[in-house]
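Asker: below are the sequence and a predicted model for it; my questions follow.
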Amino acid sequence: MLNATRSGRSLPVALVAAMRPRQWLKNVLVFAAPLAAGSLFERSVIVPTLGAFIAFCLISSSTYLINDIRDVDADRNHPAKCNRPIASGDLKPMVATVFSVVLALAALALSWWIRPELAGVVAIYFLFTLSYSLFLKHEPVIELALLAMGFLLRAIAGGVASSLPISQWFLIVAGFGSLFMAAGKRFSELDRALNGSADSPSAKRASLAGYSLGYLRFVWGIAAAVTIVAYCLWAFEVGQAPSTWPWAQWSVLPFVLAILRYGVAIDRGQAEAPEDAVLHDKALLTIGAIWLFLFSLGALGL
């Protein structure tokens, strides 16, 4: 039986916690392109898309481990991050390094088996995220672009895994939608750093020194506007498929409402963790479900 570490977590539990499974919610973006193409539920599409989802869960967890190894000293002095497995002593850095390599190799092997092009997307995601963790996380604007690229590459992966053509409007919506969420995340962190306590979690992020609340508000406002306009054009393009009712066009309303509702969370400084901001807002989840229902009907041509 494995001995528990000093804070009480066994090695398997510590490894799972270090992989940050809550963050895997971001990887559902791989289903976006197949859904938009109206092909998600075809066997030849859903199987490789699920594989792409698993590959991104593995590769993202690998990068989380690298990031925690890199920041172990800072995390130990952090009021919240000190509970992370590596910082708390539950997981030794050497063990985390080996496990990170295993996860990365497994992700690349799985994605290559699905499609070599998907392995390329996964490898690019890994390189971008590694560059962010090791060198660029403290560089304003650059780190914001890399953060947005992480979301965008997930969205692209779903289409690549199934050899589906990706609409130019889809790329614009995914790209600027990613920038909207990334800028909103940084806005919330900076708002907490400026208006919270001196030892607030976000007060330690060096890149925040290069931003102002006004600038970040400008960025997420512009990103939201472009996302909405591009989505409207995209929805009408999708709506050209044979359909009983203009479902895709009708999906514009809940989509815009979802953007505006998420903007409330950003403006309140509550979007530091996008997955938590979404999951803890019942109204946003309801709007999102309505949007998904309407858009799915339109994409499937029902």
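Answerer: Ah, there it is. Just so we're clear, the structure is a prediction, and the values are computed from it rather than from any experiment.
Asker: got the domain ranges for the protein?
Answerer: Domains of the chain are assigned by automatic domain parsing as 8-165, 167-302.
Asker: the helix or strand of the chain with the lowest mean pLDDT: what's the following helix or strand?
Answerer: Ranking every helix and strand in the chain by mean pLDDT, DSSP states H and E puts helix 72-76 at the bottom, with a mean of 74. Scanning forward in sequence from helix 72-76 by DSSP states H and E, the next helix or strand is helix 85-88.
Asker: could you say what helices and strands the helix or strand following that following helix packs with?
Answerer: Downstream of helix 85-88, the first helix or strand assigned by DSSP H and E is helix 93-114. Contact analysis of helix 93-114 by 3 or more Cβ pairs under 8 Å, 6 or more residues apart in numbering; DSSP states H and E lists helix 11-18, helix 43-70, helix 85-88, helix 116-131 as its packing neighbours. No exception for glycine: its C-beta is placed from N, CA and C like everyone else's.
Asker: circling back: between the domains of the chain, which gets the lowest average pLDDT?
Answerer: Ranked by mean pLDDT, those bottom out at domain 167-302, with a mean of 85.
Asker: what count of nearby residues applies to residue 158?
Answerer: For residue 158, the tally of surrounding residues (other Cβ atoms under 10 Å) stands at 30.
Asker: residue 11: neighbouring residues, count only.
Answerer: Neighbour tally, residue 11, other Cβ under 10 Å: 17.
Asker: surely it meets residue 95?
Answerer: Yes: with contact defined as Cβ atoms under 8 Å, residue 11 counts as touching residue 95 (7.4 Å).
Asker: before we move on, back to that, with residue 269 as the reference, name the closest of the helices and strands packed on helix 93-114.
Answerer: With Cβ to Cβ, the closest approach to residue 269 among the helices and strands packed on helix 93-114 belongs to helix 43-70: 23.1 Å.
Asker: tell me what angle that closest one forms with helix 93-114.
Answerer: Taking axes from the mean of the first three to the mean of the last three Cα atoms, to 10 degrees, helix 43-70 and helix 93-114 form an angle of 160 degrees between their directions.
Asker: buried residues in helix 43-70?
Answerer: Buried residues in helix 43-70, counting neighbours by 16 or more other Cβ atoms under 10 Å, are found at 45, 48-49, 51-70.
Asker: which elements pack onto that helix?
Answerer: Helix 43-70 packs on helix 11-18, helix 32-36, helix 85-88, helix 93-114, helix 116-131, helix 142-161, going by 3+ Cβ pairs under 8 Å, 6+ apart.
Asker: to residue 233, which of those lies closest?
Answerer: Closest of the helices and strands packed on helix 43-70 to residue 233 is helix 32-36, at 13.0 Å (criterion: Cβ to Cβ).
Asker: need the contact partners of the closest one.
Answerer: 40, 45-46, 49, 155-156, 158-159, 162, 164, 166-167, 170, 174, 234, 238, 295-296, 299 (Cβ atoms under 8 Å, 6 or more residues apart in numbering).
Asker: same question for stretch 211-229.
Answerer: In contact with stretch 211-229 (Cβ under 8 Å, 6+ apart) are residues 140, 144, 172-173, 176-177, 179-180, 183-184, 186-187, 190-191, 194, 255-256, 259, 263, 266.
Asker: just the buried residues out of these, in ChimeraX syntax.
Answerer: The following ChimeraX line selects those of these that are buried, judged by 16+ other Cβ under 10 Å:
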select :144,172,173,176,177,179,180,183,184,186,187,190,191,255,256,259,263,266
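Asker: now residue 140. Nearest residue, chain neighbours left out?
Answerer: Sequence neighbours aside, residue 210 is the residue nearest to residue 140 in space, at 2.8 Å (criterion: Cβ to Cβ, 6 or more residues apart in numbering).
Asker: repeat for residue 195
Answerer: residue 269 (7.4 Å).
Asker: touching, that neighbour and residue 191? I think so.
Answerer: Yes: look at residue 269 against residue 191 with Cβ under 8 Å: they come within range, at 3.7 Å.
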